[in-house]
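Novice: build the 3D model from these lines:
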Amino acid sequence: MLRKIDKHSGVPAYLQIVNQIKAEILLGNLKAGQQLPTVRELETIFDVNINTILKALERLKAEGLVVSEQGIGYFVVKELNIDAEVVVAIKQLVSKLKSKQFDLYTTLVLVEEVWRNERV
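Specialist: Numbering: from 1, shown residues only. Next up, the predicted model:
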C-alpha cells in the first residue's frame, strides 16, 4: 500500500517513492502490465510536488521496472525478472522474526549488519 513519505527521514522524497513502488512491484501488489496511479494521484498519495513524482518515475524507468506510454500513463513492465523464491524467503524470515517478537527497527539493523559483512 502506497503511503505518504516521511519528510524527516533524511532519505530524499523521490527515493522513498521509488522504494515504495518498487516494494509493491516485488511483493506482487502491482502486477506486470498494470497501470500505476496517475501522476496527479501519486502527487496526492505521497503529498509531494509533481516534479518529485516525475523524478521517481524516471528513476523507475531507468531501473527497468516501469514504462511510460505518452498520454496514457506509467505501467509496470510486462516482463519482470523477479525471483519469486527470494520474495517467499523474505516473507518467511519476516514471519519468523515477528513470531520471536523482533520489531521492525531491530530487524532492519540486523539485516543491515549482515548485508555489510556478508561476502558474496
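Novice: and the strands in the chain?
Specialist: For the chain, applying DSSP state E gives strands covering 66-69, 73-76.
Novice: of all these, which one is nearest residue 57?
Specialist: strand 73-76 (5.6 Å; C-beta to C-beta). All C-beta atoms are positioned from the backbone trio N, CA, C, and that covers glycine.
Novice: and the helix ranked longest in the chain, C-alpha only, in CSV?
Specialist: For the chain, the longest helix by residue count, based on DSSP state H, is helix 84-99. This file holds the C-alpha atoms of helix 84-99, laid out as CSV (Å, rounded to 0.1, in the frame of the first residue of the first chain):
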residue,chain,number,x,y,z
ALA,A,84,9.7,-15.5,-6.5
GLU,A,85,11.8,-17.7,-4.3
VAL,A,86,13.6,-14.7,-2.9
VAL,A,87,10.3,-13.0,-2.0
VAL,A,88,9.0,-16.1,-0.4
ALA,A,89,12.2,-16.5,1.7
ILE,A,90,11.9,-12.8,2.8
LYS,A,91,8.3,-13.4,3.8
GLN,A,92,9.2,-16.5,5.8
LEU,A,93,12.1,-14.7,7.5
VAL,A,94,9.8,-11.8,8.5
SER,A,95,7.2,-14.2,9.8
LYS,A,96,9.8,-16.0,11.9
LEU,A,97,11.2,-12.7,13.3
LYS,A,98,7.7,-11.4,14.2
SER,A,99,7.0,-14.7,16.0
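Novice: residue 110 versus the spatially most distant residue from the centre of the chain, what's the distance?
Specialist: If you look at how far each residue of the chain sits from its centre, by C-alpha atoms, centre = their mean, the farthest one is residue 100, at 25.7 Å. Distance of residue 100 to residue 110, computed by C-beta to C-beta, to the nearest Å: 11 Å.
Novice: could you do residue 31 as well?
Specialist: Taking C-beta to C-beta, one finds residue 31 at 31 Å from residue 110.
Novice: same thing with residue 102?
Specialist: For residue 102, the distance to residue 110 - C-beta to C-beta - is 8 Å.
Novice: do you know how far residue 12 is from residue 55?
Specialist: 9 Å.
Novice: so between those two, which is more surrounded?
Specialist: Between residue 12 and residue 55, counted using other C-beta atoms under 10 Å, the more crowded position is residue 55 (18 against 13).
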